[in-house]
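Asker: Could you look at this predicted model? Sequence included:
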Amino acid sequence: MSQTLKHEPQIPRVLIDTLTQVQGILQSRGIPAYLVGGLLRDQLLGRPLRYLNVDLALPAEALSISRAIAGGLGGAFVPLDEDAGSARVVVTVDGGRIELDLSDFRGATLAEDLGHRDFTVNALAIALTDWLRAPHSPQPLIDPLEGRRALQRKELQACFPGTFEHDPVRILRAFRFAAQLEFTLAPSLPPLMASALPLLTKVSGERIRDELIAVFETDRAHVAIQALNQLGGLDALFPELIAGRGMEQGGFHHLDVLDHQIETVAQADRFLSDFAEFSEPLRGPLSAYCREEFVERRSRKSLIKLAGLLHDVGKPARRTVEADGEIWFLGHEETGAELVRGVAERLRLSNREADMVRQLVLHHLRPGFLSREPHLTRRAVYRFFKVLGDDGPGCLLTWWADRMATRGSRSRLDQIEQQRGRLEELLSAYFFTADEIVTPLRLVDGHALMETLRVQPGPLIGELLGAIEEAQAEGRIRTRDEALTLARAHLEQRKAA
């Protein structure tokens with residue numbers, strides 16, 4: 001293995017044991033299998049194995065073998081493409097998830113199968129029996145398309161000229177791999193991608209979503225989005241963005257609407273990678289917050305970047321030019337939130353994901369208003385998180401990416417530091433003093449209010465509880481008796497009115 005680029009990462013024992021069991025089932029049926037694709041590629045690159053996903057190519061019978069493996073390992077059988085003969089087996093071992101994707105050869109032989117894959121770096125193979133002999137340094141490799149050489153050059157090459165027409169989602173996959181692996185595209189790729197671009201609109205929203213989210217999970221998402229924009233692919237994926245191309249925003253901005261939105265993704269890439277520009281106590285909580293997944297492999301980090309790309313999508317519809325030449329976009333956040341609703345449906349985002357992205361777009365200006373205040377009151381902090389809840393930090397990070405993308409070199413350093421201070425005050429309230437300011441621990445409940453104040457169930461109870469909570473957040477009350485006193489006063493005011 002002298003031609004590998006780095007030392008191969010250690011393969012978890014649980015994966016080796018699982019594949020040993022798989023090999024036993026295959027051997028009992030007399031069927032050979034070949035480990036292909038991403039796992040082998042990442043081993044050669046020395047990349048950490050973030051997910052345990054293994055592609056196995058079989059001469060035939062992949063569906064029936066997959067069912068047998070699922071039964072033998074106590075896993076779940078998931079058919080992927082019954083016509084093509086491919087299925088997934090999902091196994092949970094020691095609390096970890098292992099995905100085994102089995103498929104019939106795409107052709108009569110393994111060589112034909114490899115020749116019909118997407119990129120040469122993914123067209124490497126090894127017999128499963130050989131891999132199991134030395135899983136940490138696999139050999140001999142089967143490499144008919146010189147994938148190892150492409151790995152050494154850090155270059156993506158198509159396995160065959162029709163790769164993108166065969167599966168247009170590979171256009172997105174090319175940019176995803178380029179971002180993940182820090183690879184360049186071979187000069188032959190862009191023309192092939194451009195010719196297949198019209199077919200991208202026929203790809204299911206789920207497949208487009210998965211590739212886009214994987215792009216946003218990387219720290220070089222803006223590079224992929226910019227390249228996609230230059231190719232014309234961004235128009236196919238997000239026609240809502242087209243009107244912003246070339247649209248001037250006035251002196252406060254140094255880029256047009258669309259370029260500003262792409263630059264917002266670039267800024268998010270920059271600081272979401274390690275949060276180094278924030279105070280040290282905030283870095284761990286921010287990292288954990290952004291890693292949280294509403295759906296497996298789709299984190300808050302990726303949704304913040306998606307919101308960054310879309311945050312000003314409502315501007316073209318709300319653009320006005322005053323007599324003095326001033327350009328305004330009043331209400332663009334509401335229009336943008338409505339447009340984002342359609343985007344989320346098209347991408348088949350979950351309800352929770354769609355709600356988060358819409359909230360970030362709808363409220364992305366709110367932190368900026370708070371950042372201009374000479375002093376942040378507890379009431380202002382409470383009301384911000386009352387509206388945004390757990391999406392509050394995401395909104396703050398979206399705003400910060402927007403803010404850092406707005407003026408470029410024209411930014412005033414003193415203003416940035418003042419605004420960063422307000423940003424950190426809000427984040428600190430959420431992460432460190434939530435029980436005091438963001439969601440104070442309840443002093444009384446609705447039953448106590450009804451019993452003590454002799455009021456009936458209804459909206460009034462919620463109103464009283466809200467008044468008590470806000471007073472707690474402001475620090476005006478701290479005990480149950482003070483809460484009841486405030487509620488009585490609130491009732492008296494209502495009667496007097």
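Answerer: That came through fine. Numbers count the residues shown, from 1 in each chain.
Asker: Identify the residues contacting the host helix or strand of Gln21?
Answerer: Element membership for Gln21 (DSSP states H and E) is helix 13-29. Contacting residues not belonging to helix 13-29 are listed as 32-33, 35, 52, 54, 56, 58, 61, 65, 68-69, 72-73, 91, 93-94, 96, 98, 100, 128-129, 131-132, 135 [Cβ atoms under 8 Å, 6 or more residues apart in numbering]. All C-beta spots, glycine's among them, are computed from the backbone N, C-alpha and C.
Asker: Can you show me the strands along the protein?
Answerer: 34-36, 52-58, 76-81, 86-93, 96-104, 125-127, 155-156, 184-185, 293-295, 298-299, 320-321, 327-328 (DSSP state E).
Asker: Mean neighbour count, those: which tops it?
Answerer: When the strands of the chain are scored by mean count of other Cβ atoms under 10 Å, the highest mean neighbour count falls to strand 34-36 (a mean of 24).
Asker: which residue sits closest to Arg318, ignoring its sequence neighbours?
Answerer: Distances taken as Cβ to Cβ, 6 or more residues apart in numbering put His332 closest to Arg318, at 4.2 Å, once the chain neighbours are dropped.
Asker: residues touching the one you found, list them.
Answerer: So His332 contacts Asp312, Gly314, Lys315, Ala317, Arg318 (Cβ under 8 Å, 6+ apart).
Asker: still on that earlier bit, among the strands of the chain, which comes closest to Val215?
Answerer: Val215 lies closest to strand 298-299 among those, at 11.8 Å (Cβ to Cβ).
Asker: Starting from that closest one, tell me which strands it pairs with and how they run.
Answerer: In the sheet, strand 298-299 lines up against strand 293-295 (antiparallel) (DSSP bridges).
Asker: Looking at the partner strand now, give me its mean pLDDT.
Answerer: Average pLDDT, strand 293-295: 95.
Asker: Ok, stretch 32-50 next?
Answerer: Mean predicted lDDT for stretch 32-50 stands at 92.
Asker: follow-up on the earlier one: Serialize the strands of the chain to JSON lines and add fields for distance to Ala473.
Answerer: Formatted as JSON lines, the strands of the chain follow (distance: least, Cβ to Cβ, whole Å):
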{"stretch": "strand 34-36", "distance to Ala473": "56"}
{"stretch": "strand 52-58", "distance to Ala473": "45"}
{"stretch": "strand 76-81", "distance to Ala473": "46"}
{"stretch": "strand 86-93", "distance to Ala473": "42"}
{"stretch": "strand 96-104", "distance to Ala473": "40"}
{"stretch": "strand 125-127", "distance to Ala473": "60"}
{"stretch": "strand 155-156", "distance to Ala473": "52"}
{"stretch": "strand 184-185", "distance to Ala473": "52"}
{"stretch": "strand 293-295", "distance to Ala473": "27"}
{"stretch": "strand 298-299", "distance to Ala473": "29"}
{"stretch": "strand 320-321", "distance to Ala473": "38"}
{"stretch": "strand 327-328", "distance to Ala473": "34"}
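Asker: out of these, nearest to Ala221?
Answerer: Taking the strands of the chain one by one with Cβ to Cβ, strand 298-299 is closest: 12.4 Å.
Asker: contacts for that closest one?
Answerer: Residues contacting strand 298-299 (Cβ under 8 Å, 6+ apart): Ile213, Glu217, Cys290, Arg291, Glu292, Glu293, Glu353.
Asker: For beta bridges, what are the partners of the residue nearest to the fourth one when sequence neighbours are not counted?
Answerer: Right, Arg291. Leaving out its chain neighbours, the residue that sits closest to Arg291 by Cβ to Cβ, 6+ apart is Ser299, at 5.6 Å. Per DSSP bridges, the residues bridged to Ser299 are Glu293.
Asker: one step back: and the helix holding Gln21, which residues are buried?
Answerer: Leu15, Thr18, Leu19, Val22, Gln23, Ile25, Leu26 (16 or more other Cβ atoms under 10 Å).
Asker: Number of residues surrounding the nearest residue to Asp445 once chain neighbours are set aside?
Answerer: Nearest residue to Asp445, sequence neighbours excluded (Cβ to Cβ, 6+ apart): Leu465, at 7.8 Å. Residues contacting Leu465 under the criterion other Cβ atoms under 10 Å number 18.
Asker: correct me, but Leu465 touches Gly446?
Answerer: Yes. Here Leu465 lies in contact with Gly446, judged by Cβ atoms under 8 Å, at a distance of 6.4 Å.
Asker: and the top helix by length along the chain, what other elements does it pack with?
Answerer: Longest among the helix segments of the chain by residue count, using DSSP state H, is helix 413-432. Under the contact definition 3 or more Cβ pairs under 8 Å, 6 or more residues apart in numbering; DSSP states H and E, helix 413-432 sits against helix 280-291, helix 366-371, helix 378-388, helix 392-406.
Asker: now that helix against helix 280-291, angle please.
Answerer: Angle, helix 413-432 to helix 280-291, by axes from the mean of the first three to the mean of the last three Cα atoms, to 10 degrees: 70 degrees.
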